[in-house]
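Novice: Next input, structure requested:
(chains A and B)
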Amino acid sequence: MNSNIIKRIWLFYYDGFKGMTLGKTLWIIIVIKLFIMFFILKLFFFRGELSSYQNDDEKSRHVIENLTTTSKPKT
Amino acid sequence: MFLASLADLSRLQFALTAMYHWLFVPLTLGLGFIIAIMETFYVRTGNEFWKRTTKFWMNIFAINFAIGVATGIILEFQFGTNWSNYSWFVGDIFGAPLAIEGILAFFLESTFFAIMFFGWNKVSKNAHLISTWLVAIGTNLSALWILVANAWMQYPVGMAFNPDSARNEMVNFWAVLFSPVAINKFIHTVTNGYVLASIVVIGISSWYLLHKREEEFARKSIKTSAVFGLISLLVLIWSGDGSSVQVAKKQPMKLAAMEGLYKGQKGTPIIVAGILNPGKSVKDIADNPIKYESEDAFAFKIAIPQGLSLLVDRKTNTFVPGIEDILKGGYTYLDKDGVQKIAPPIEERMAKGKLAIEGLALYQKARLAGDEEGKDLAYSQLMDNFDHFGYGYIEKPTDVIPNIPLTFYAFHIMILLGMYFLLFFVITIYMEKQAIISKHRWFLYLAIISIPLVYICSQAGWIVAEVGRQPWTIQDLLPVGAAVSGINPDAVRTTMLLFFILFTALLIAELGIIFKVIKKGPGA
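Specialist: A predicted model of the protein is given here:
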């Protein structure tokens, strides 16, 4: 019974993807876009500024330091 | 150097990505419901024409969704990298709504989206229809959470600041969710999407009529979306009215910039249309007060007497503070608890803000030294002045004034185009009812031209909301200069260029595929 439902769900998606025409182009665009976003932009350009700190306490101290030092350079 | 400030560069980058993201979102929000309505006609009548019509608009929906999906994630990347102080400071206020958005979007979209596209002839008609409605509702619910987060930035409520972590912690989820700013913002934004989608459907359908193709498809699509668009626009106007009341109460400086209101008065007029006098500059308030006083605010204006007072307070003689009044203080306003107070001058708020920042520094010092008494004293200093925290970073009072021309013109472009769309929908419904729409080619061209106009209107609305609240990332608590990370400006320039290339490529791809699908037509 359970394996039958799983098989039907699998076939539903399999047939759906197989029968796509316009959808194939759209999926290619989605995959390229996600690759650029997560494997190029996120990995090389958007490393969180606070990710270099070990724990929340260190992150808090860093932000408090920033917030309480009002002469922080902006360039 | 142009845009040499890191805060300016980061703002420009955020604006660029948010505006590109917003090119895709509103069509998804509205077209989902138009498709669901069309499919309802199909299920109720059994007429295969409606199935074919639904499938065509579903293709347009799919293209827009596929190109636009995940473009908003880039904004979240920027929060962590460019705006790390801000990201930390907002704490779990953003985390909770965005997590709900992510879960909702994933489950609704991966399940019901698949049934909507793959389920024709595989599930019952009713099950398919329910899936289509759930996709429409799901995309709108996804928008709810990010709009709630945005509304909190405009009107921070339901949180408590924790000085140990320097984070705001949510103490009342319902206050955040049901804040009047959030409710108005959500309704105003999604109905904007409905109006936009309606005009896109009418514009594309008009193209078919111009080319004498698919007349029944085009006319019925026009009729459905014009009625949906008109109803949505009426709700949009109603929520816009509600938003103006909220802005007047919570962000009076934004309202003053929207209206080019330098000096308040009892019975303040509303500007219907106008050209600002470029000679009038807020910089002259301190630098050259004689010049400032001698310059009129407008080179040209059409105003309705007492209109602004009526709009924001439903009374003709209400005093609406202008930019100068807000700088000087002294006018009455209602605080977050609904208590009437006298507004302090900005200079006083700056002094209190400095005390709050100093309180945070002293608290941290005492905490690390294990000085409990010092902690208590510093905590009182911080919390007594916390409502003014962000003003401690302001260098001079005029820094709290947003870009007046950009806010003013964006607001009036939005309003005038909104009025045009009201007329446009009424004429469309009338012409369609009289069956004369195909005969008037001027109208068909007008409908096509209206597509870019509705996108301009939509973007203008966001410019009013976001530029108008400058310099704040979080109203009164954190200005952009203090929210920004200490990163290399060249890195921001590089990523901005990369975004521009990526998003432009996506936009070109979307338009190319959509034009191809339109050319083939619903019969393909």
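Novice: tally of neighbours for residue 49?
Specialist: This is for chain A. Neighbour count of residue A:49, defined by other C-beta atoms under 10 Å in any protein chain shown: 23. For every residue, glycine as well, the C-beta is placed using N, CA and C.
Novice: The intended chain is chain B.
Specialist: Neighbours of residue B:49 using other C-beta under 10 Å come to 15.
Novice: which element is it on?
Specialist: helix B:48-68 (DSSP states H and E).
Novice: Point out the other helices and strands that that helix packs with.
Specialist: When contacts are defined as 3 or more C-beta pairs under 8 Å, 6 or more residues apart in numbering or on different chains; DSSP states H and E, helix B:48-68 packs onto helix A:22-35, helix B:6-45, helix B:92-118, helix B:180-210, helix B:215-250, helix B:489-520.
Novice: now do 10 Å
Specialist: Judged by 3 or more C-beta pairs under 10 Å, 6 or more residues apart in numbering or on different chains; DSSP states H and E, helix B:48-68 is in contact with helix A:22-35, helix B:6-45, helix B:92-118, helix B:125-154, helix B:180-210, helix B:215-250, helix B:489-520.
Novice: CA atoms of it as PDB?
Specialist: Only the C-alpha atoms of helix B:48-68 are listed here, as PDB (Å, rounded to 0.1, in the frame of the first residue of the first chain):
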ATOM      1  CA  GLU B  48     -12.800  23.600 -22.700                       C
ATOM      2  CA  PHE B  49     -12.200  27.200 -23.800                       C
ATOM      3  CA  TRP B  50     -11.600  28.200 -20.200                       C
ATOM      4  CA  LYS B  51      -9.100  25.300 -19.700                       C
ATOM      5  CA  ARG B  52      -7.200  26.500 -22.800                       C
ATOM      6  CA  THR B  53      -7.300  30.100 -21.500                       C
ATOM      7  CA  THR B  54      -6.100  29.000 -18.000                       C
ATOM      8  CA  LYS B  55      -3.300  27.000 -19.500                       C
ATOM      9  CA  PHE B  56      -2.000  29.900 -21.500                       C
ATOM     10  CA  TRP B  57      -1.900  32.300 -18.600                       C
ATOM     11  CA  MET B  58      -0.400  29.500 -16.400                       C
ATOM     12  CA  ASN B  59       2.500  29.400 -18.900                       C
ATOM     13  CA  ILE B  60       3.100  33.100 -18.500                       C
ATOM     14  CA  PHE B  61       2.900  32.600 -14.700                       C
ATOM     15  CA  ALA B  62       5.400  29.700 -14.800                       C
ATOM     16  CA  ILE B  63       7.900  31.800 -16.800                       C
ATOM     17  CA  ASN B  64       7.700  34.700 -14.500                       C
ATOM     18  CA  PHE B  65       7.900  32.500 -11.400                       C
ATOM     19  CA  ALA B  66      10.800  30.500 -12.700                       C
ATOM     20  CA  ILE B  67      12.900  33.600 -13.600                       C
ATOM     21  CA  GLY B  68      12.000  35.400 -10.400                       C
END
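Novice: So for that helix, mean pLDDT?
Specialist: Mean pLDDT, helix B:48-68: 92.
Novice: relative to helix B:489-520, how tilted is that helix?
Specialist: With axes from the mean of the first three to the mean of the last three C-alpha atoms, to 10 degrees defining the directions, helix B:48-68 sits at 160 degrees from helix B:489-520.
Novice: Could you point out the helix or strand that follows helix B:48-68?
Specialist: helix B:73-81.
Novice: and the helix or strand following that next one, how far out from the chain's middle?
Specialist: Per DSSP H and E, the first helix or strand lying C-terminal to helix B:73-81 is helix B:84-90. Distance of helix B:84-90 from the chain centroid (C-alpha atoms, centre = their mean, to the nearest Å) equals 21 Å.
Novice: Kindly report the same for stretch B:460-470.
Specialist: For stretch B:460-470, the distance to the chain centre is 7 Å (C-alpha atoms, centre = their mean).
Novice: same question, stretch B:466-478
Specialist: That offset, for stretch B:466-478, works out to 14 Å (C-alpha atoms, centre = their mean).
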